[in-house]
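J.: Could you look at this predicted model? Sequence included:
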Amino acid sequence: MKSASALLLVLASASFLASASFLASAADAPAAAPLRGPAQHFKALDTDGDGKLSRAEVAAAPRLAKHFDQIDTNHDGFLSREELKAAHGHMMKTAFSKIDTNGDGMISRDEAAARPRLAKHFDQIDTNHDGFLSQDELKAAHQAARSAAATRQ
């Protein structure tokens, strides 16, 4: 469990490299009940229950509100789950690109060294043991860490 927590911290730090993170807004979400993931964060912000987030609802999550117009790709004045998912995917790719300094689509041990927490868990995340971290390996580790965190709550 301790390694899952550490892994969650590693992946969270990578996630926060980009600024349009819906998950980053979780810290801003109402604290009425423990939240376990993006769906619960969305539900907590969607105070009128209409399945979309208005600018007023997003005001409860300042980091998300800051990027409302960028995330609202269809410009309808609301954020849908799909728009948030797309923004999160873009943010994850941006974070990956910042670490992948040579642009080869993989994070080497040397590139990971710039992120001490990532470097510390490199072997754990490198599930195919090829000496590189792929986007798929990071995504799988991120999902495993989120699942472990949800289980603890």
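T.: That came through, no problem. Please read all numbers here as calculations on a predicted model, not as lab measurements.

J.: May I see the buried residues of stretch 82-90?
T.: Within stretch 82-90, the residues scored as buried using 16 or more other C-beta atoms under 10 Å are 83, 84, 87, 88. Backbone N, C-alpha and C define where each C-beta goes, glycine included.

J.: Next step: those residues restricted to helices.
T.: Assigned to helices by DSSP state H, the following of these qualify: 83, 84, 87, 88.

J.: any low-confidence regions in the chain?
T.: 1-37, 153 (pLDDT under 70).

J.: Helices of that one, residue ranges please.
T.: 2-15, 38-45, 55-58, 62-66, 68-71, 81-99, 109-112, 116-120, 122-125, 135-152.

J.: The ones in helices among the buried residues of stretch 82-90 into a markdown table, with extra columns for distance to residue 75?
T.: Shown next, in a markdown table, are those (distance: C-beta to C-beta, whole Å):
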| residue | distance to residue 75 |
| --- | --- |
| 83 | 10 |
| 84 | 15 |
| 87 | 14 |
| 88 | 19 |
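
J.: can you tell me which of these lies nearest to residue 67?
T.: When these are ranked by distance to residue 67 (C-beta to C-beta), residue 87 comes first, at 7.4 Å.

J.: hang on, isn't that closest one packed against residue 72?
T.: No: using C-beta atoms under 8 Å, residue 87 is not in contact with residue 72; the gap is 9.5 Å.

J.: what's the nearest residue to residue 52 if we skip its chain neighbours?
T.: If the residues on either side of it in the chain are set aside, residue 52 comes closest to residue 78, at 4.0 Å by C-beta to C-beta, 6 or more residues apart in numbering.
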